[in-house]
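Asks: Pasting the sequence and the predicted coordinates here, then a few questions.
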Amino acid sequence: MDRLTRAVTGRSAVVISAIDGMPGVGKTTLAVHLAHRLEYPDGQLFIDLHAHTAGRSPVEPTDALDVLLRALGQEEIPVGLDERASLWRAELSRRRLLVVLDNAASEEQVRPLLPGVPGSLVLVTSRARLVELEGTSTLTLDVLSEAEALQLFATIVGDERGMDAAAREVVELCGRLPLAVRLAAGRLR
């Protein structure tokens, strides 16, 4: 977390950080937690791009820009992708925003949503490693260590007995994935 916080606090350039990892490892949770810790004077925007949402197609960049521009108060939205991207970048040139692009499919989906000038921060989460986004710092999340998984389990259960053999078995059966550990502990609680 500290490494990512340091990476995203430089505001002299467009800052883009991509967080990748397997499902349930905590990409969205980390991005949202970080967004709550950082202050941007003109606000924060969040959009789920639905790359891996069951029953949904990934959000097209044109549609994502429509949502983002409307969130900024724009009422007249151009039709084409290039025009929308141009208006989006013009809006961001006058603002300092934190934008979370959650659950991205690819660089192609994200690229039109990126600011063109310094001042804003974009956090992108994806199962894919988005290494082809220019100027992006990346962080790959892995499963929790056994100690971290046990601590998470104990915190949710509300009992320090979370260190016993049964708890160890549960967190290992969960693959030490934060989401799975949270669900199991929540049910036990």
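Replies: Received the coordinates, thanks. Treat the numbers as computed from the prediction; the structure is a model and nothing was measured.
Asks: From A180, how far off is A71?
Replies: Note on A71: its distance to A180, by Cβ to Cβ, to the nearest Å, is 32 Å. C-beta: built from backbone N, CA, C; applies to glycine.
Asks: now the helices for this protein?
Replies: Taking DSSP state H, the helices of the chain run over residues 2-8, 27-37, 61-71, 81-93, 107-110, 146-157, 165-173, 178-188.
Asks: Same drill for A71 and A180, tell me which one is more crowded.
Replies: More neighbours surround A180 than the other of A71 and A180, with 19 against 15 (other Cβ atoms under 10 Å).
Asks: can you pull the contacts of the more buried one?
Replies: By Cβ atoms under 8 Å, 6 or more residues apart in numbering, the residues touching A180 are 24, 174.
Asks: distance of it from G116?
Replies: 39 Å.
Asks: One more: G26?
Replies: Taken as Cβ to Cβ, the span from G26 to G116 is 30 Å.
Asks: Looking at those two, which is more packed in?
Replies: Ranked by neighbour count (other Cβ under 10 Å), G26 and G116 place G26 first, with 21 against 13.
Asks: isn't the more buried one right next to L179, touching?
Replies: Yes. With contacts counted by Cβ atoms under 8 Å, G26 reaches L179, the gap being 7.0 Å.
Asks: do you know how far the residue sitting furthest away from the middle of the chain is from F153?
Replies: What lies farthest from the middle of the chain is A165; by Cα atoms, centre = their mean that is 33.6 Å. According to Cβ to Cβ, A165 and F153 sit 13 Å apart.
Asks: try Q44
Replies: Distance from Q44 to F153, by Cβ to Cβ: 30 Å.
Asks: Pick out whichever of those two has more residues nearby.
Replies: F153 (27 against 17).
Asks: what number of residues lie near A18?
Replies: By other Cβ under 10 Å, the residues close to A18 number 25.
Asks: Check L92 too.
Replies: 24.
Asks: so who does the closest residue to R56 other than its chain neighbours touch?
Replies: With Cβ to Cβ, 6 or more residues apart in numbering as the criterion, R56 has its nearest non-adjacent residue at 4.4 Å, and that residue is H50. Contact analysis of H50 by Cβ under 8 Å, 6+ apart lists 56-59, 103.
Asks: Just give me the closest of the residues you listed to R37.
Replies: N103 (20.9 Å; Cβ to Cβ).
Asks: how far does stretch 72-79 sit from the chain's center?
Replies: Mean C-alpha position of stretch 72-79 versus that of the full chain (Cα atoms, centre = their mean, to the nearest Å) differs by 25 Å.
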